[in-house]
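# below are the sequence and a predicted model; questions follow.
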Amino acid sequence: QALFRCLSVFRGAFTRRAARVVCQASPHELRQLVDCSLLWHKTPGWYEVHELLRQYGGERLAQFDQDEGQVCNRHSQYYLGQLSRLQAELKSTGQGAALESIDLEHENYRAAWDWAAGQADAAQLTEALEPLCLYYDLRLRYSDGESACHLALEKIAAPDLDPQQILILVMLQTWMARFQRLLGRPESAQQIHQRCLNSLDDLGGKGCDIRRQKAFLHLEMGNTIYHTELQAANRWHQESLELYRNLQDDWGTATALASLGETALQNGRFAESITCYQESLSLFRALGDPRGIAGALIGIGNGLFRVGRLQEGENHIRKTVRFFEQLGDPAGIARSQVNLARAFFWQGKFTEIISLAKTTLQVLEELGLHYDRAYLLCLSILVSSHLEDYQQADIHAQKLIPLCQQIGYPRMLTAAYIGLGMAALAQNQYNTAREYYQKGVNIFIDIDQPDELAACTGSLGGAHLKSGDLELARKTLYQSLGVICLLYTSDAADD
């Protein structure tokens, strides 16, 4: 009876080793419980208690306060220790096996985390925080990640925390902000970031080593605002990179380089972007991180598109599609398909984009990949307008506009305006077209997006020309040409 009460601490399936460590259960005792139908033993080395029996055992265990505390502590220590040991695997060639291992016993890992949080055990939470959050991140379980962080924050928060407790608090808040951003709530994430900055500034002034927490915070601050404030995002990413290099953290360095590559790409610094992604790729390959490798290949491919090496860029993206297919990663496949659509767009393969979008848009919505879905909707609007299917362009735009407003993605919001402007222009609605293009120009100026500002300004010039305003058309087209010259050739810029 005592053993059965103890085993009620497990959620779902558990191994013979876990039963031995947590409950001191011998193989013979486990067989006896199986023979009495108190345990299931469907797979060699694995056991499970029927949920109703587990609840009954849990009620009996709760009657012995001291026993319950000791059992739950051993259970928590065992599983959070397992998580800590899986951290390196989650960043290397063992990533797939580590994810599957956590999948099998996720209920136990989460119960162990919840118990440690309830005890405000900062030491245990510190060891398990990054691997648990990485798992939720890689599995797209953003809501689970947010709730895990929120629970721990509720239990740890107090007015008289010591420096180490404040550091774990900052890491919990930074991870929670990341999950909120990925769930489409960037403004909430930014508010958390500011509180974290204040906490780290206070600790830094007291001589505490805050480099690791600061590196992660700055990385996330840049990731959160790069859709709206490119220059500021670039500075945060640069500071994060310097900190990770100083810490000799290759995985953090590779991740910061990838973020720098993305901000450089969006800011029109294409050669710099490719260089950042190539260095990131080298580090991820040395570590063996499969998703890091794929992300860097996508970044390089997108950079190659922008410098005119279209087929080479497409080849990089196709590699990642095959890579994620081999991993059996639906999110990775869907994201790679979005970037493949980008490759098709740069090469004028519009029918291929339409075909791809029909299946991929639904997958992205189901997976909650808001930013990728926004990008593919953007391409769909532009392609539909090019193909003179203005009704379909409008349907996509009506989906994209509220999505971008919800998740704070102004760059893609302009795509809706550009697509609608193209449709209006083709239907001789010149003033309407000018209004849409001007909205796009204003946003691109606000977020400092020079390459797309050039394209949108050029379209606005065309709308002015069609409406008969030759002087304004000439002025606007010169502005567009000037931005293009600055971006692509210094000689042309000097001219």
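Thanks, I have the structure now. Numbers count the residues shown, from 1 in each chain.
# can you show me the helices along the stretch 251-400 of the chain?
270-287, 290-306, 310-327, 330-346, 350-367, 370-386, 390-407 (DSSP state H, counting those that start in this stretch).
# got the buried residues for the first one?
Right, the one you point to is helix 270-287. 270, 272-277, 279-281, 283-284, 287 (16 or more other CB atoms under 10 Å). For glycine as for every other residue, the C-beta is placed from the backbone atoms N, C-alpha and C.
# what about the closest residue in space to residue 110 that isn't next to it in sequence, neighbour count?
Nearest non-adjacent residue to residue 110, counting by CB to CB, 6 or more residues apart in numbering: residue 148, 7.1 Å away. For residue 148, the neighbour count with other CB atoms under 10 Å is 27.
# ok, residue 148 - contacts?
Residue 148 makes contacts with 110, 113, 114, 117, 132, 133, 136, as judged by CB atoms under 8 Å, 6 or more residues apart in numbering.
# for the most centrally placed residue in the chain, list the residues it contacts.
The residue lying closest to the centre of the chain (CA atoms, centre = their mean) is residue 182, at 5.6 Å. Residues in contact with residue 182, defined by CB under 8 Å, 6+ apart, are 137, 142.
# go on, residue 330?
With CB under 8 Å, 6+ apart, residue 330 has these contacts: 363, 367.
# check residue 50 too.
Counting by CB under 8 Å, 6+ apart, residue 50 touches residue 40.
# quick check: phi and psi at it.
Backbone torsions of residue 50, given as degrees, to the nearest 10, read phi -60, psi 140.
# separation between it and residue 44?
Distance check for residue 50 against residue 44: by CB to CB, to the nearest Å, it reads 19 Å.
# again, but for residue 70
Taken as CB to CB, the span from residue 70 to residue 44 is 29 Å.
# so which of the two has more stuff around it?
residue 70 (13 against 6).
# quick check: which element contains the more buried one?
helix 65-90 (DSSP states H and E).
# what's the burial count for residue 204?
Neighbours of residue 204 (other CB under 10 Å): 14.
# contacting residues for the closest residue in space to residue 21 that isn't next to it in sequence?
Distance criterion CB to CB, 6+ apart; nearest residue to residue 21, sequence neighbours excluded, is residue 78 at 5.2 Å. Applying CB under 8 Å, 6+ apart to residue 78 gives the contacts 18, 21, 22, 112.
# in a markdown table: the residues you listed, plus pLDDT.
Listed next are those as a markdown table, based on pLDDT from 0 to 100:
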| residue | pLDDT |
| --- | --- |
| 18 | 95 |
| 21 | 94 |
| 22 | 93 |
| 112 | 96 |
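# how far off helix 65-90 does the host helix or strand of residue 21 point, in degrees?
Element membership for residue 21 (DSSP H and E) is helix 16-23. Orientation of helix 16-23 against helix 65-90 (axes from the mean of the first three to the mean of the last three CA atoms, to 10 degrees) gives an angle of 140 degrees.
# which other helices and strands contact the helix or strand following helix 16-23?
Remark: after helix 16-23, the chain's next helix or strand is helix 27-35, criterion DSSP H and E. For helix 27-35, the packing partners by 3 or more CB pairs under 8 Å, 6 or more residues apart in numbering; DSSP states H and E come out as helix 2-7, helix 16-23.
# so which of those helices is nearest residue 245?
helix 16-23 (39.2 Å; CB to CB).
# what's the closest one in contact with?
So helix 16-23 is contacted by 3, 6-7, 9-10, 25-27, 30, 45-47, 71, 74-75, 78-79, 105, 108 (CB under 8 Å, 6+ apart).
# quick one on the thing from earlier: and the two most separated of the contacts of residue 78?
Maximum pairwise distance in the contacts of residue 78, criterion CB to CB, is 12.2 Å, between 21 and 112.
# more crowded one of those two?
Per other CB under 10 Å, whichever of residue 21 and residue 112 has more neighbours is residue 112, with 29 against 16.
# skipping its backbone neighbours, what lies nearest that one in space?
Closest to residue 112 by CB to CB, 6+ apart is residue 79, at 3.6 Å.
# cool, residue 470 as well?
residue 464 (7.9 Å).
# confirm that the one you found sits in a strand.
No - checked against DSSP: H, G, I helix; E, B strand; the rest coil, residue 464 lies outside a strand; its state is helix.
# surely it meets residue 478?
No - the criterion here is CB atoms under 8 Å, and residue 464 misses it with residue 478 at 11.9 Å.
# so what's residue 232 up against?
222, 225.
# just say helix, strand or coil for it.
Residue 232 - assigned by three-state DSSP - is helix.
# in which helix or strand does the residue nearest to residue 110 reside?
Applying DSSP H and E as the criterion places residue 148 in helix 142-156.
# what about that helix, distance to the chain center?
Using CA atoms, centre = their mean, to the nearest Å, the mean C-alpha position of helix 142-156 is found 17 Å from that of the whole chain.
# same check, this time on stretch 386-395
The answer for stretch 386-395 is 31 Å, by CA atoms, centre = their mean.
# export that stretch to PDB, keeping only CA atoms.
Provided in PDB are the C-alpha atoms of stretch 386-395 (Å, rounded to 0.1, in the frame of the first residue of the first chain):
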ATOM      1  CA  HIS A 386       0.100  40.600 -60.400                       C
ATOM      2  CA  LEU A 387      -2.200  38.000 -61.900                       C
ATOM      3  CA  GLU A 388      -5.200  40.400 -61.900                       C
ATOM      4  CA  ASP A 389      -7.200  38.400 -59.500                       C
ATOM      5  CA  TYR A 390      -8.100  41.400 -57.500                       C
ATOM      6  CA  GLN A 391     -11.000  39.700 -55.600                       C
ATOM      7  CA  GLN A 392      -8.600  37.100 -54.200                       C
ATOM      8  CA  ALA A 393      -6.100  39.800 -53.400                       C
ATOM      9  CA  ASP A 394      -8.800  41.600 -51.400                       C
ATOM     10  CA  ILE A 395      -9.700  38.400 -49.600                       C
END
